[in-house]
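Colleague: Fold the stuff below for me.
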Amino acid sequence: MSSDATTAIPTLPDFSGTPDREPPEYGIGTSLAQAEARSKAEGTYPYASDLWAEGLLWAAILRSPHPHARVLSVDTSAAAAMPGVRAVVTAADVPGVATYGRRVADRPVFASDLVRHHGEAIAAVAADHPDTARLAAAAISVEYEVLDPVTDPEKAFAAGPLHPDGNLIRHIPLSFGDPAATGEVIVEGLYRIGRQDPAPIGAEAGLAVPRPGGGVELYTASTDPHTDRDLAAACFGLPPEQVRLVVTGVPGATGDREDPGFQIPLGLLALRTGCPVKLTATREESFLGHAHRHPTLLRYRHHADADGRLVKVEAQILLDAGAYADSSSESLAAAVAFACGPYAVPHAFVEGWAVRTNNPPSGHVRGEGAMQVCAAYEAQMDKLALKLGLDAAELRMRNVMATGDLLPTGQTVTCPAPVAELLEAVQDFPLPPLPKDTPEGDWLLPGGPEGAGEPGAVRRGVGYALGMVHMLGAEGTDEVSTATVRVQDGVATVICAAVDTGSGFATLARQIVQDTLGIEEVHVAPVDTDQPPAGPSAHGRHTWVSGGAVERAAKMVRTQLLQPLAHQFGMSTELLQISDGKITSYDGVLSTTVTEALNGKELWATAQCRPHPTEPLDGAGQGDAFVGLAFCAIRAVVDVDIELGAVRVVEMAVAQDVGRVLNPAQLAARIEAGVTQGVGAALTENLRTARGLIRHPDFTGYALPTSLDAPDIRIVKLVEERDVVAPFGAKAASAIPVVTSPAAVASAVRAATGRPVNRLPIRPQAAVAVPTS
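Modeller: Alright, predicted model coming up:
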């Protein structure tokens, strides 16, 4: 949709509603469809870029063309004088706090003295037409003194400070066991993981509307609305209650969406002009403006005995945070804690660093920290198997973690850890057949029918990987969510500020209420900051804490519903059950419908869910830092043209530790999406830079996997061993296949080519087999 052909939405759209279902089927364990599934499929679902308001102005942001430069002057006079331009704002026009950050407030709203990365915001413009706004932004004259960028994270330690807080964001020296321990067999490796972009198909967009009594309303696809509201209010110099953030249609997210760097300029312009202001980012602006996965350098040394049992793991992990801290501290903690993988390791010594550079900012992307180390430790397991002459799967089986084992952080694994069962499931699953000589056979060749490959050069490889992630926040994060369930006229409404980024929380909330109250028609209210906070959408936390809050509120309403009946019949509410819209007693004396029991009454309850606390890692990297863990095993089958280095992923067999299946269809979709994202990280996705400058910030230069690249994904086993401390016993499902699948693909390419494959994404030259004499 073009920027000037926008659907008029006079009021906030109602995203609730129930899809047509035949026959009726609802509640936990069913494949209830998303309420907005039809409108999204038909293209009528209103996203943030579709918003409209009377008297709308358009915004544009001027961004730095340099990764590192001193700002000597900013002249906005030419832009301000252009017809149709209503306002121009720079760092001097920020009335409140000049810096922001969801985790560390170290990032300026607008660069004023120093530019620290390519694409950093310098100024913003509001005009009566989007083209005018873009032309005005281009007319702003900025005088720079270009400085040498620091783009090698290894050189950041000795380089001059790039930020007042210094270049080192965090250092974690983990020490576990005996440093003198050694094994009979030792393998070493150096690994590099590229810069994956979250690549949202719907680019960032938003609308800011001044409030009549003062303040501003922000309409964006935020994934953490209360944090974003508070950050924006601080920059506006306003109390939080004068800023309202309304979450509009979220077009999916695999990381933090709608960086405050998009929202804050919008609000400043709306407050300055007194008019609604809209910003829709171009694809280039999207790549320049949001955070990416941390590029990572990893050095490993594995020690094992003669039977292949791990003795000690030594590792050094260096995360490139880019210009600002963002989530680097949390990502580093995950990387260091999971550096040995889901394996029992008696001795581990890991050092991790996160440093600032002049590269594009890094931040939260699904599976951060865990994905990078998984690629490295699984490469080490392949090397160890090769050196010992063992089957790769067998070596892994000899070392798998189980419930009761210790993490290298000293934390006991108390949750279900069925790693051996997962590995056995993918190992036993039948392998796909070899390609046959058919008219469609060319499609089975790496590179497709137009490729230059020859069938005789294709080799098949089979590889394995085991992965793990943590659920919820870590290291003392206060995880809490609040939800309200209201029932009126036989219809239930859930009010919870948990943003559904595609994880299916809104559908899960409906299922919880349906299951608890026996009411089929359940709506989920649109999210805004007038509601109590529910926290960010990350690490599967809304399934746990927000789902838990919804369940508790629904159970409180259930008690209100059943108490009069229980009192009337002289029995406890525990002796009554609700099923298929009917209330019955244990002895069959009572039988009525939920509608009859409601009798026109309005019932409501509000509840919170807060899991057990965690603690920060100490100076030796020790501590109970994580609430829960999830595990996955993947077997990858690839075909590789060993002359051209072209790779085709034939099949991914997945076995996953899910705790409990809450919605089978949505769970399968999350696993398939995660595997596909991981295949992209393994083969094609890398946001390339040259001395800090992003090259080709578009979907031509940044290659996402298409439907032709997606492999057959076989979900061979879902282990439903419930985590007793989690509501419903369910575990996070989206991140773990992203973490595990790149390592599995790399393992399969090693098996096909005999090459070490030490870098992701895999370059063609790394998949060309070494000639044999």
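Colleague: Any idea how many residues pack against the nearest residue to Gly215 once chain neighbours are set aside?
Modeller: Among residues not flanking Gly215 along the chain, Gln242 sits closest, at 3.1 Å (C-beta to C-beta, 6 or more residues apart in numbering). Placement of C-beta: from N, CA and C, glycine included. By the criterion of other C-beta atoms under 10 Å, Gln242 has 15 neighbours.
Colleague: Please report the distance of Gln242 from Pro265.
Modeller: For Gln242, the distance to Pro265 equals 18 Å [C-beta to C-beta, to the nearest Å].
Colleague: Also Ile578?
Modeller: 50 Å.
Colleague: Next, the contact list for the residue nearest to Gly215, please.
Modeller: Gln242 sits next to Arg211, Gly214, Gly215, Val216, Ala233 when contact means C-beta atoms under 8 Å, 6 or more residues apart in numbering.
Colleague: Mind checking which of those residues land in helices?
Modeller: Among those, the members falling in helices (DSSP state H) are Ala233.
Colleague: Which among the contacts of Gln242 count as buried?
Modeller: For the contacts of Gln242, a burial check counting by 16 or more other C-beta atoms under 10 Å picks out Gly215, Val216, Ala233.
Colleague: Considering those residues, which is situated nearest to Ala137?
Modeller: Val216 (21.2 Å; C-beta to C-beta).
Colleague: Among the buried ones among the contacts of Gln242, which one sits closest to Ile169?
Modeller: Ala233 (25.8 Å).
Colleague: Surely the closest one is in contact with Leu245?
Modeller: No: Ala233 lies out of contact with Leu245 (C-beta atoms under 8 Å); the separation is 9.4 Å.
Colleague: remind me which residues of the stretch 51-200 of the chain are low pLDDT?
Modeller: The stretch 51-200 of the chain contains no residues with pLDDT under 70.
Colleague: Over to the chain?
Modeller: 1-24, 251-258, 436-443, 448-452, 770-773.
Colleague: center of it, which residue is that?
Modeller: Among the residues of the chain, the one closest to the centroid is Arg366, at 3.0 Å (C-alpha atoms, centre = their mean).
Colleague: correct me, but that residue touches Gly680?
Modeller: No: with contact defined as C-beta under 8 Å, Arg366 does not reach Gly680; the gap is 11.8 Å.
Colleague: Just say helix, strand or coil for Lys278.
Modeller: Assigned by DSSP: H, G, I helix; E, B strand; the rest coil, the conformation of Lys278 is strand.
Colleague: what does Val373 give?
Modeller: Following three-state DSSP, we place Val373 in the helix state.
Colleague: list the contacts for it?
Modeller: Val373 sits in contact with Thr296, Leu298, Ala315, Ile317, Ala335, Phe338, Ala339, Gly341, where contact means C-beta under 8 Å, 6+ apart.
Colleague: For the fourth one, give me its contacts.
Modeller: Going back to what we said before, that points to Ile317. Listed by C-beta under 8 Å, 6+ apart, the contact set of Ile317 reads 296-298, 332, 335-336, 339, 350-353, 372-373.
Colleague: try it again with 7 Å
Modeller: Contacts for Ile317 were tallied using C-beta atoms under 7 Å, 6 or more residues apart in numbering; they are Thr296, Leu298, Ala335, Val336, Ala339, Val350, Gly352, Val373.
Colleague: for these, which one is nearest Ile122?
Modeller: Ranked by distance to Ile122 (C-beta to C-beta), the contacts of Ile317 are led by Thr296 at 29.8 Å.
Colleague: My guess is that closest one contacts Leu319. True?
Modeller: Yes: contact criterion C-beta atoms under 7 Å: Thr296 and Leu319 qualify, at 5.5 Å.
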